[in-house]
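I would like the atomic coordinates for the input below:
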Amino acid sequence: ILSFLALGGKCKYCGSKISRQYPIVEALSGLLAALLWPSVFYLVSFFILLLIAVYDFRNKIIDTHFLYLFGAFSVLEVFYRARFVGDFISSFVIALFFYLLWRLSGGVWMGRGDANLAFFISLFLGFPKNIAMLFSAFWIGGVFGLALLAFGKKYNLKSEIPFGPFLALAMFLVWYFPGFFKELFAVIQLS
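From the prediction side, this is the model:
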């Protein structure tokens, strides 16, 4: 990060431009390490989720290798919590919601990979956190989309914006700051 700033975002030897993605991902990785250390399980889980989000942001597709690796951590987390039925049912319903958005729109509203990612994220969080994640992801995505429309010159209503990063961010926020979502959890459990 410091070398990127010191060199003005260019290679020291050839002067070619270096993508801003690198220092951003490095900063996010450092932040995750600082927030999640010493829990190696959660640190690795969220590093994999960061890889999924960055890959989706860059390529507009969810990489299945990273996805299934994260899925393995999600299954381990479910076994650790030992609340199988409610977590699997709510995760399946959330994934079905995303799948229907993809299917009914012919892939215009949502990508197929988002349904898979939503399933594993929902499984990792469990009920009712996964419902809070769902609402949060759409709120974050909506605010980001409106900001792009208002301030981004190359974006319009037909622009393709990957949803995986919003799912990942919402998951982290709901998981890391459960006190902030406490009232929403209570409302969801009463429903």
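
going forward, measure contacts and count neighbours with C-alpha atoms only.
OK.

Pick out the residue closest to the middle of this structure.
Residue closest to the average C-alpha location in the chain (Cα atoms, centre = their mean): A168, at 1.3 Å.

Return the residues in contact with that one.
Counting by Cα atoms under 8 Å, 6 or more residues apart in numbering, A168 touches L49, L50, A53, I121.

Output these as JSON lines; include the columns secondary structure.
Conversion of the contacts of A168 to JSON lines gives the following (DSSP: H, G, I helix; E, B strand; the rest coil):
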{"residue": "L49", "secondary structure": "helix"}
{"residue": "L50", "secondary structure": "helix"}
{"residue": "A53", "secondary structure": "helix"}
{"residue": "I121", "secondary structure": "helix"}
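
any idea which of those residues is the one closest to L7?
L50 (25.9 Å; Cα to Cα).

Could you tell me the model confidence score at that closest one?
Here the pLDDT value assigned to L50 is 98.

Save the contacts of A168 as JSON lines, and put in distance to F98 and neighbour count too.
Converted to JSON lines, those look like this (distance: Cα to Cα, whole Å; neighbours: other Cα atoms under 10 Å):
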{"residue": "L49", "distance to F98": "18", "neighbour count": "26"}
{"residue": "L50", "distance to F98": "20", "neighbour count": "21"}
{"residue": "A53", "distance to F98": "17", "neighbour count": "26"}
{"residue": "I121", "distance to F98": "12", "neighbour count": "28"}
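
CSV for those, including distance to V174?
Converted to CSV, the contacts of A168 look like this (distance: Cα to Cα, whole Å):
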residue, distance to V174
L49, 14
L50, 15
A53, 16
I121, 11
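
and of these, the nearest to L76?
I121 (12.4 Å).

gap between that closest one and A170?
10 Å (Cα to Cα, to the nearest Å).

Could you name the specific helix or strand carrying F57?
Per DSSP states H and E, F57 falls inside helix 40-59.

and that helix, which residues are buried?
42-57 (16 or more other Cα atoms under 10 Å).

now stretch 9-21
So for stretch 9-21, counting by 16+ other Cα under 10 Å, buried means G9, K10.

Compute the first-to-last residue distance for it.
Termini of stretch 9-21 sit 11 Å apart (Cα to Cα).
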